[in-house]
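J.: I'll drop the sequence and a predicted model, then ask my questions.
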Amino acid sequence: MKKGLSILLAAAMTLSLAACGGSTETANTTAAGGDTTTAAADASEGADAGTATGEGKTIGVAMPTQSSERWINDGANIKEQLEAKGYKVELQYAEDDVQMQVSQIENLIASGVDCLVVASIDSTALVNTLASAKEKGIPVIAYDRLLMDTDAVSYYATFDNKGVGTAIAKYIEEKKDLKTAQANGESYTIEFFMGSPDDNNALFLYQGIMEVLQPYLDDGTLVCKTGRTSFEDTCILRWSQETAQQWCENYLSGFYADEKLDIACTAFDGFAYGVRSALEGAGYQVGVDWPLVTGQDAELMAVKNIISGHQTMSIYKDTRELAAKCVTMVQAVLEGAEPEINDTEQYNNGKLVVPSYLCTPVAVDTDNYMELIVDGGYYTKEELGVQ
Ligand code: BGC
């Protein structure tokens, strides 16, 4: 590991540890609570409506944290959809504490669960724990985040993580009309806030972003004043909102204070919230000089921020669909059913290429949130506070 990266990680870790106790405060935990019913209904349609096949079987579900709304929705959706199939569900959240997640999974194994669904915190930290699941004949499904360096994982349900990155970058390319800017020799300033280095998704996302934006960085159409464009320099441990805010504050108040920021390319709605606070603190105003701010997950707060102009876009990931795919994988390992797989190449975890289903991420902004999010039953107009 590069020295710069270790310093960065240490700093990020300190910040994220410091923020630990208060992390639930910054999260929006109210969203989509009312949508799980819809989710369960949708899922039943997608996976053998009405057949309760899981009687007598218990599924252990290990989720990373409740500090971001996304995982609360995921947990609720999986639980409802599995219960609709007759399974019992033990749902655990580890609040981004790696050791806590290890203990939780160990306890689930000891309690005799029939199958494990794991969205990891640190994707390489569960190798021994998962080996013991395998020894006991408990199949494991990787949920959203790939489980690395283990042969104990049977299937992987996720979104197209590189596709998330390209969708974010193409949005920037289109909205800022980078091709025209390039032809005219114009430029925009941009800063990057990328995901956690212990989350395999984060690197895929970064690669997707750079596949589109690198040429514009190379020819100066996009100017990154801090020079931080590599994954090592822009990754934020444990997806910490506080660290993203701190970085943005440092940019806006420090050496580059006189350079207006045109684009905050962030990989997560939580980062976009941090960036919003920093921008407000520095006096940026929506409709005047507010930059293009990207995000990921289409959390309720993010969609509200999109409507108010404090965030420009997010990536809509329908967690109901992901949960439904995961349920088919659980059924496959426990009942010999065939799960739908659409990728057998991309997700090599160091031990095997894990058969995967990649759901499609979609960019959402003011133009399409009504159709995608409201008509799609993800959030109601009331939840969003719109007519
Ligand atoms: C997920 C993203 C999420 C991020 C932070 C990633 O693994 O794929 O949807 O924004 O974790 O929670």
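T.: It's in. Predicted model only: the values in this text are computed from it and were never measured. Numbering: from 1, shown residues only.

J.: Can you tell me, leaving aside adjacent residues, what's nearest to residue 329?
T.: Excluding the flanking residues, the one nearest residue 329 by CB to CB, 6 or more residues apart in numbering is residue 155, at 4.1 Å. (Each C-beta comes from the backbone N, C-alpha and C, glycine too.)

J.: show me the contacts for the one you found.
T.: By CB atoms under 8 Å, 6 or more residues apart in numbering, the contact set of residue 155 is 141-142, 329, 332-333, 339, 341, 354-357.

J.: ok, and the most crowded of these?
T.: When these are compared by neighbour count (other CB atoms under 10 Å), residue 142 ends up highest, at 31 neighbours.

J.: Skipping its backbone neighbours, what lies nearest it in space?
T.: Nearest non-adjacent residue to residue 142, counting by CB to CB, 6+ apart: residue 156, 4.3 Å away.

J.: Would you mind listing what in this protein touches the ligand?
T.: 68, 70, 144-145, 195, 199, 201, 239, 268, 296-297, 317 (CB under 6 Å from any ligand atom).

J.: cutoff 5 Å now
T.: Within the chain, the positions adjacent to the ligand are 145, 199, 201, 239, 268, 296-297 by CB under 5 Å from any ligand atom.

J.: Redo those as a markdown table? Include secondary structure, neighbour count and pLDDT.
T.: Putting these into a markdown table (DSSP: H, G, I helix; E, B strand; the rest coil; neighbours: other CB atoms under 10 Å; pLDDT from 0 to 100) gives the following:
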| residue | secondary structure | neighbour count | pLDDT |
| --- | --- | --- | --- |
| 145 | coil | 22 | 98 |
| 199 | coil | 25 | 98 |
| 201 | helix | 22 | 98 |
| 239 | helix | 30 | 98 |
| 268 | coil | 29 | 98 |
| 296 | coil | 31 | 98 |
| 297 | strand | 26 | 98 |
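
J.: Spell out the residue ranges of the strands in the stretch 51-200 of the chain.
T.: 58-63, 88-93, 115-118, 140-143, 153-159, 188-193 (DSSP state E, counting those that start in this stretch).

J.: okay if I get those as JSON lines plus mean pLDDT?
T.: Formatted as JSON lines, the strands of the stretch 51-200 of the chain follow (pLDDT from 0 to 100):
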{"stretch": "strand 58-63", "mean pLDDT": "98"}
{"stretch": "strand 88-93", "mean pLDDT": "98"}
{"stretch": "strand 115-118", "mean pLDDT": "98"}
{"stretch": "strand 140-143", "mean pLDDT": "98"}
{"stretch": "strand 153-159", "mean pLDDT": "98"}
{"stretch": "strand 188-193", "mean pLDDT": "98"}
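
J.: out of those strands, which comes closest to residue 303?
T.: When these are compared by CB to CB, strand 153-159 sits nearest residue 303, at 17.3 Å.

J.: starting at the chain centroid, how far to the closest one?
T.: Centre-to-centre, strand 153-159 and its host chain are 15 Å apart (CA atoms, centre = their mean, to the nearest Å).

J.: pull the CA atoms of that strand into PDB?
T.: Provided in PDB are the C-alpha atoms of strand 153-159 (Å, rounded to 0.1, in the frame of the first residue of the first chain):
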ATOM      1  CA  VAL A 153     -19.900 -18.200  -1.500                       C
ATOM      2  CA  SER A 154     -22.400 -19.700  -4.000                       C
ATOM      3  CA  TYR A 155     -24.000 -16.700  -5.700                       C
ATOM      4  CA  TYR A 156     -23.800 -13.000  -5.800                       C
ATOM      5  CA  ALA A 157     -26.800 -10.600  -6.200                       C
ATOM      6  CA  THR A 158     -25.800  -7.000  -6.900                       C
ATOM      7  CA  PHE A 159     -26.200  -4.000  -9.200                       C
END
